[in-house]
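Participant: Give me the fold of what follows.
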Amino acid sequence: MPVSLLGATEIRRLAADLDVTPTKKLGQNFVVDANTVRKIVQAARVEASDRVVEIGPGLGSLTLAILETGASVVAVEIDHRLAARLPDTAAAHGVASDRLSVIDADALQVRDLPGEPEVLVANLPYNVSVPVLLHFLETFPFLQRGVVMVQAEVGERLAAPPGSKVYGAPSVKAAWYGPWRLAGTVSRQVFWPVPNVDSVLVGFERDATSRGDEELRRRTFAIVDAAFQQRRKMLRQALAGVFGGSAAAASDALEAAGVAPTLRGEQLSIEDFVRIAALP
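Facilitator: Okay, here's the model as predicted:
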């Protein structure tokens, strides 16, 4: 029996059965268009041999599109009603029970994923998209690639290069793990309810070699936070607190790392920040 996908009518019926009203608090906007969820799965290059983690499966639209490829899915859902219903929805649409595992939990609290999935595919709740992404990339080194749907403004930041207007701390922190790219746009009309913001797909590939250990990552991220907290200040001023409260000490450290003290954080790449953080 082939896997069938959810349509708009069935999605609304499922929501009514579960007494689910999409809430802003949980960032719930359900995709009601089969072509859109297939587009997301294709952008992620999901194959039958893949193990996929999905964050926020909701009523199961994207979940079924992933399962349609033959891949297996670990779905992380914070809403208890949705988490409990998902296996039944999958079974009713032709999915063998051994290809879907559901974790009923807040994604930000998840520390273990069965089967070590290597692909991340998700329609992320807009209110927590960046923290959830960074948590999963930090916690699960076996995640190698993925595509997520996020608010357009967030996606542009994640994929932004140094020097662009939207380049910021999320851009640098995401780049610690590897390169990011914009992978497509998504119409507001494919959601229920229709959101008041635009959405994009963003893809990532984890670098084959790590930039450093956890201690270096933490120090790098602290320096990134300091640099962008005072975005318009030169680095010698913005990072003074990191180097003992002295702009002179910050200047010396920056020069030792090969970074001009008069630059601003938005002009530095992840490699620049790592060199600063790696100073003895």
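
Participant: where along the stretch 151-280 of the chain do the strands fall?
Facilitator: In the stretch 151-280 of the chain, the strands defined using DSSP state E, counting those that start in this stretch lie at 180-186, 191-192, 199-205.

Participant: Let me see the contact set for the residue nearest to A71 when sequence neighbours are not counted.
Facilitator: In space, and not counting its chain neighbours, A71 is closest to D50: 4.3 Å by CB to CB, 6 or more residues apart in numbering. Yep, even glycine has a C-beta here, placed from its N, CA and C like the rest. Contact analysis of D50 by CB atoms under 8 Å, 6 or more residues apart in numbering lists T69, A71, S72, P117, E118, V119.

Participant: how does it look with 10 Å?
Facilitator: Residues in contact with D50 (CB atoms under 10 Å, 6 or more residues apart in numbering) are 44, 66, 69-73, 117-119, 121, 144-145.

Participant: again with W180
Facilitator: W180 neighbours (CB under 10 Å, 6+ apart): 133, 148, 155, 157-161, 170-171, 174, 202-205.

Participant: which two in those residues are spaced the farthest apart?
Facilitator: Using CB to CB, the contacts of W180 span at most 19.1 Å, a distance reached by V148 and P161.

Participant: what about the residue nearest to P193 when sequence neighbours are not counted, neighbour count?
Facilitator: The shortest distance from P193 to any non-neighbouring residue, by CB to CB, 6+ apart, is to P22 (5.7 Å). By other CB atoms under 10 Å, the residues close to P22 number 16.

Participant: any idea how far P22 is from D79?
Facilitator: Using CB to CB, to the nearest Å, P22 is found at 10 Å from D79.

Participant: Could you do T139 as well?
Facilitator: Here T139 is placed at a distance of 21 Å from D79 (CB to CB).

Participant: the more surrounded of the two?
Facilitator: The neighbour count for T139 versus D79, taken as other CB under 10 Å, is higher for D79 (18 against 13).

Participant: Find me the pLDDT at that one, would you?
Facilitator: Per-residue pLDDT puts D79 at 93.

Participant: quick one: which of the strands of the stretch 151-280 of the chain is nearest A105?
Facilitator: With CB to CB as the criterion, A105 lies closest to strand 199-205 of the strands of the stretch 151-280 of the chain, at 22.8 Å.

Participant: Can you give me the buried ones in the closest one?
Facilitator: Using 16 or more other CB atoms under 10 Å as the test for burial, strand 199-205 gives S199, V200, L201, V202, G203, F204.

Participant: Kindly report the same for stretch 225-235.
Facilitator: For stretch 225-235, a neighbour-count test (16+ other CB under 10 Å) marks A226, A227, F228, Q230, K233, M234, L235 as buried.

Participant: Need those residues in TSV (columns: pLDDT and distance to T185).
Facilitator: Supplementary listing: these in TSV, determined by pLDDT from 0 to 100; distance: CB to CB, whole Å:
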residue	pLDDT	distance to T185
A226	98	34
A227	98	30
F228	98	27
Q230	87	33
K233	95	35
M234	98	36
L235	98	35
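
Participant: Pick the one among those closest to G7.
Facilitator: Nearest to G7 among the buried residues of stretch 225-235 is F228, at 43.4 Å by CB to CB.

Participant: now the helices for this protein?
Facilitator: Listed in chain order, the helices of the chain (DSSP state H) span 8-17, 34-43, 61-67, 80-92, 129-139, 152-158, 169-175, 214-229, 235-238, 247-256, 270-277.
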